[in-house]
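>>> fold the following, please.
(one chain, ligands or ions: 2)
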Amino acid sequence: MADTDSSRTLLRLEAVSKEYPTGDGSFVWVLAAVDLVVSRGETHAVVGPSGSGKSTLLNIIGALDRPTSGRVLLAGNDLAKATDSELDAIRNREIGFVFQAHHLLPQCTVLENVLVPTLAGPSGRSNPESEQRARSLLERVGLGHRLGYRPGLLSGGEQQRVAVVRALINRPKLLLADEPTGSLDHATATELADLLVELNREEGVTLITVTHAGDLAERMGAVHELRDGKLERR
Ligand code: ADP
Ligand code: MG
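Ligands and ions are numbered 1, 2, ... in the order given. The predicted structure is shown next:
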């Protein structure tokens with residue numbers, strides 16, 4: 001069947017399943033024939049109980065893991081057909097990640113941390129344009145006065161804002177966030193949720209966030225619940 005809306009569709013999951021070995025010779029199904037279509041510029045939340053497979057799903061979407069069966073189409077690429085090095089390239093070019101723990105490098109400054117994803121090119125150095133973008137994004141998220149700080153001196157909310165800027169530095173089409181507010185207090189979590197929605201509008205980046213927090217999910221345009229391996233739109 002012809003894909004008539006391929007220019008609008010950024011991501012398509014077709015019957016994506018994932019099983020893990022249990023260690024005693026048997027397997028457990030975590031995802032069972034999950035379908036999902038995400039258009040460019042949309043915001044989606046995936047909610048569900050702990051252990052329901054939310055991170056597994058996000059890692060498959062983000063080309064960090066492969067499904068046991070099914071197809072993932074991202075920005076016109078069939079991830080099942082990509083080699084590991086092609087997956088690395090797609091991930092670098094198309095996707096930004098934010099996790100619950102920020103994973104910033106403690107010995108590097110805020111500005112250096114944000115520039116890490118720009119070092120992947122052949123020169124191993126970031127260009128002046130990247131540095132300009134890093135400075136203006138950090139300014140945008142209220143950290144213009146913290147460029148030279150080490151992450152350990154920042155609050156949890158500030159650290160997470162640095163992680164968001166780092167995820168956006170290469171202008172990804174898709175921002176994936178796994179429990180991004182999970183380790184923040186309520187007020188700080190609300191601020192981060194506001195920021196993610198604003199950046200979705202300003203940068204045009206498509207957003208998929210996995211969350212326990214109902215108030216973050218409610219800000220997304222679509223909410224899907226993962227339960228017993230099935231993804232259902234709420
Ligand atoms: P969630 O993010 O919703 O809490 P996960 O995707 O992390 O759920 O895990 C879903 C299920 O898959 C859990 O039961 C977990 O123990 C299992 N699981 C996750 N990763 C692995 C793995 N690498 N090997 C075996 N089992 C795994
Ligand atoms: Mg998880």
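
>>> show me what from the protein comes close to ligand 2.
By C-beta under 5 Å from the ion, the part of the chain that sits against ligand 2 consists of 54-55. C-beta here means a position set from N, CA and C on the backbone, and glycine is covered the same way.

>>> can you do 6 Å?
Counting by C-beta under 6 Å from the ion, the chain comes close to ligand 2 at 54-55, 178.

>>> just those now: which is nearest ligand 2?
Ser55 (3.2 Å; C-beta to the ion).

>>> any idea how far the residue nearest to the closest one when sequence neighbours are not counted is from Ala163?
Of all residues not flanking Ser55 in the chain, Asp178 sits nearest, at 5.6 Å (C-beta to C-beta, 6 or more residues apart in numbering). Asp178 is 11 Å from Ala163, where distance means C-beta to C-beta, to the nearest Å.

>>> which neighbours do the two have in common?
98-99 (C-beta atoms under 8 Å, 6 or more residues apart in numbering).

>>> higher neighbour count, those two?
Higher neighbour count among Asp178 and Ala163: Ala163, with 25 against 21, using other C-beta atoms under 10 Å.

>>> check which helix or strand the more buried one maps to.
Following DSSP states H and E, one finds Ala163 within helix 156-168.

>>> elements contacting that helix?
strand 95-98, helix 110-115, helix 128-140, strand 174-178, helix 186-203 (3 or more C-beta pairs under 8 Å, 6 or more residues apart in numbering; DSSP states H and E).

>>> what does that helix rub up against?
Residues contacting helix 156-168 (C-beta under 8 Å, 6+ apart): 96-99, 102-104, 110, 113-114, 116-117, 134, 137-138, 140-143, 146, 151, 154, 175, 177, 180-181, 183-185, 188, 191-192, 195-196, 199, 203, 205.

>>> the residue nearest the centre of the chain bridge partners, please.
In the chain, the residue lying closest to the centroid (C-alpha atoms, centre = their mean) is Leu176, at 1.3 Å. When assigned by DSSP bridges, Leu176 has beta-bridge partners Phe97, Ile208.

>>> mind listing what Arg125 touches?
Leu119.

>>> next one: Leu13
Leu13 touches 34-37, 60-61, 70-73, counting by C-beta under 8 Å, 6+ apart.

>>> where's it, which helix or strand?
strand 9-21.

>>> so where's the protein shaky on pLDDT?
Of all residues in the chain, those with pLDDT under 70 make up the ranges 1-6.

>>> circling back to that earlier point, correct me, but the residue nearest to Ser55 touches Lys54?
Yes - the pair formed by Asp178 and Lys54 meets the contact definition of C-beta atoms under 8 Å, at 7.4 Å.

>>> give me the common contacts of these two.
With C-beta under 8 Å, 6+ apart, Asp178 and Lys54 have common neighbours Val210.

>>> secondary structure class of the spatially closest residue to Asn127 that is not a sequence neighbour, three-state.
Take Asn127 and drop its neighbours on the chain: the residue closest to it by C-beta to C-beta, 6+ apart is Thr118, 7.4 Å away. Classification of Thr118 using DSSP: H, G, I helix; E, B strand; the rest coil returns helix.

>>> pretty sure Thr118 contacts Pro128?
No - Thr118 lies out of contact with Pro128 (C-beta under 8 Å); the separation is 10.8 Å.

>>> so these two - more neighbours on which side?
Using other C-beta under 10 Å as the criterion, Thr118 and Pro128 rank with Thr118 on top: 19 against 7.

>>> so how far is ligand 2 from that one?
28 Å (C-beta to the ion, to the nearest Å).

>>> now that residue: how far from Ala163?
15 Å.
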